[in-house]
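> Could you work out the structure for the sequence below:
(chains A and B)
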Amino acid sequence: MIFLTVGTQLPFDRLVECVDQLCGKYPDLSVFGQIGESKYQPKNFDYQTSLSIQEFNKRFCSAQLIISHAGMGSIITALSNNKPILMMPRETQFAEHRNDHQLGTAKNFSAKQGCFVFKSFAELELHYKNIQRGKAKTSQVSKYAPEQMITNLKQIIA
Amino acid sequence: MKKKVLAVASNGGHLVQLLRLFPAFSEHDVTLVSTSEDGPDERYKSYYMVTDSNFDQKIKLLKTAADTFAVYLKVRPDIVISTGAAPGLFCILYARMFGKKAIWVDSIANTEKLSMAGRVALKFTKHCYTQWPAVSKESGPFYLGAVV
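Below is the predicted model:
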């Protein structure tokens, strides 16, 4: 099972269309999507506009692979649940966000194990095939921020 | 000494980051403020929902400002901590208005410069932090580590 999420705020038609195309090409794929107020309606997988936090967590945890926008919620949740994640950064040239910070996020997090960036259907398909061949190692990330940061913050709060 | 901490983050990535900092304030009296109808989980005994908005939505921003102010007055925190975005910034401003400590941890999503809200927070609090060393400056924002 693959879980697709575009995040809580904005739709992301380009991403939803890429995943729909992937499902069309690989009919055995099982995908569930949280797609926001998408203009593009997927033909090849089940979806909802939004999910409650509990439903979101359930879908997330039962998936083997996450496909998402390059949003921190999706990335951190994938890392801390030990799931590989394929992410597409939102770009202002397509009116997908207010600025291009997701390009920077994607660039910086692509260095982490289990995080892969794509900007087209071809790149998505390539990563998908690599993962199918078992080439995705995931990072081990704990539930909380590193001890040093927690200690620093504790001192500031005290 | 136990303090009243108001922890504020919009739903989604901001909230995920705030929850990763939980051990830093778990021994205090924490009230969580976010923008989803359901609170994240049972660890947060006190939860308030406020209106979500971004800096392009002027009317909704006013609603967010009013909602957060009502919560602020109810809780009267000793400290505000936020990982963004709009609701957190308002609470930071209220804390400073009442002479309280306010901690802004800019989202790890901002790898090259502070967010717009972060740049405003920087003007009001010395506790303005970035999660990327390259974004930090001697005059602030400071680098304190990253949530992941």
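> Dig out what the residue nearest to the spatial centre of chain A forms beta bridges with.
Per Cα atoms, centre = their mean, the C-alpha nearest to the average position across chain A is that of residue A:68, at 2.5 Å. Beta bridges link residue A:68 to residue A:5, residue A:87, judged by DSSP bridges.
> does the most centrally placed residue in chain B belong to a helix or a strand, and which?
Nearest to the geometric centre of chain B sits residue B:82, at 1.4 Å (Cα atoms, centre = their mean). Using DSSP states H and E, residue B:82 sits in strand B:79-84.
> How about the residues of chain A by chain B?
A:7-9, A:52-54, A:71-77, A:79-80, A:98, A:101-102, A:104-105, A:107-108, A:141, A:143-146, A:148-150, A:152-154, A:156-157 (Cβ under 8 Å from any Cβ of the partner chain). All C-beta spots, glycine's among them, are computed from the backbone N, C-alpha and C.
> What about those residues, which are in helices?
Among the residues of chain A next to chain B, DSSP state H puts A:53-54, A:72-77, A:79-80, A:101-102, A:104-105, A:107-108, A:148-150, A:152-154, A:156-157 in helices.
> Report the buried residues of the helix or strand bottoming out on mean pLDDT in chain A.
Sorting the helices and strands of chain A by mean pLDDT, DSSP states H and E puts helix A:53-62 at the bottom, at a mean of 92. Across helix A:53-62, burial judged by 16 or more other Cβ atoms under 10 Å in any protein chain shown covers A:53, A:56, A:59, A:60.
> got it, and stretch B:23-43?
Using 16+ other Cβ under 10 Å as the test for burial, stretch B:23-43 gives B:23-25, B:28, B:30-36, B:39-40.
> How many neighbouring residues does residue A:148 have?
Neighbour count of residue A:148, defined by other Cβ atoms under 10 Å in any protein chain shown: 11.
> what's the answer for residue A:151, then?
12.
> circling back to that earlier point, now what about the strand holding residue B:82, what contacts it?
Contact with strand B:79-84 is made by A:153, A:157, B:3-10, B:14-15, B:17-18, B:21, B:25, B:28, B:88-89, B:91-92, B:94-95, B:100-107, B:115, B:117-118, B:121, B:147, as judged by Cβ atoms under 8 Å, 6 or more residues apart in numbering or on different chains.
> Look up the pLDDT of the residue nearest to the centre of chain A for me, please.
On pLDDT, residue A:68 comes in at 98.
> How about residue 96, nearest residue that isn't a chain neighbour?
If you meant another chain, say so; for now it's chain A. residue A:90 (3.7 Å; Cβ to Cβ, 6 or more residues apart in numbering or on different chains).
> Let me rephrase: I mean chain B.
residue B:124 (4.7 Å).
> Is that neighbour in contact with residue B:100, as I believe?
No. Using Cβ atoms under 8 Å, residue B:124 makes no contact with residue B:100, being 11.4 Å away.
> And the buried ones among the residues of chain A next to chain B, selectable in PyMOL?
Provided next is the PyMOL selection string for whichever of those are buried by 16+ other Cβ under 10 Å:
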select buried, chain A and resi 7+8+9+53+71+72+73+74+75+76+77+79+80+101+102+104+105+108+141+144+145+149+150+152+153+154+157
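> Regarding residue A:18, what is its secondary structure?
helix (DSSP: H, G, I helix; E, B strand; the rest coil).
> sorry, back to before: beta-bridge partners for the residue nearest to the centre of chain B, please?
Here residue B:82, judged by DSSP bridges, has bridge partners residue B:8, residue B:104.
> Where does pLDDT dip in chain B?
Along chain B, the model assigns pLDDT under 70 to no residue.
> which parts of the longest helix seen in it are buried?
In chain B, taking DSSP H as the definition, the longest helix is helix B:58-75. Going by neighbour count (16+ other Cβ under 10 Å), the buried part of helix B:58-75 is B:61, B:64, B:65, B:67, B:68, B:69, B:71, B:72, B:75.
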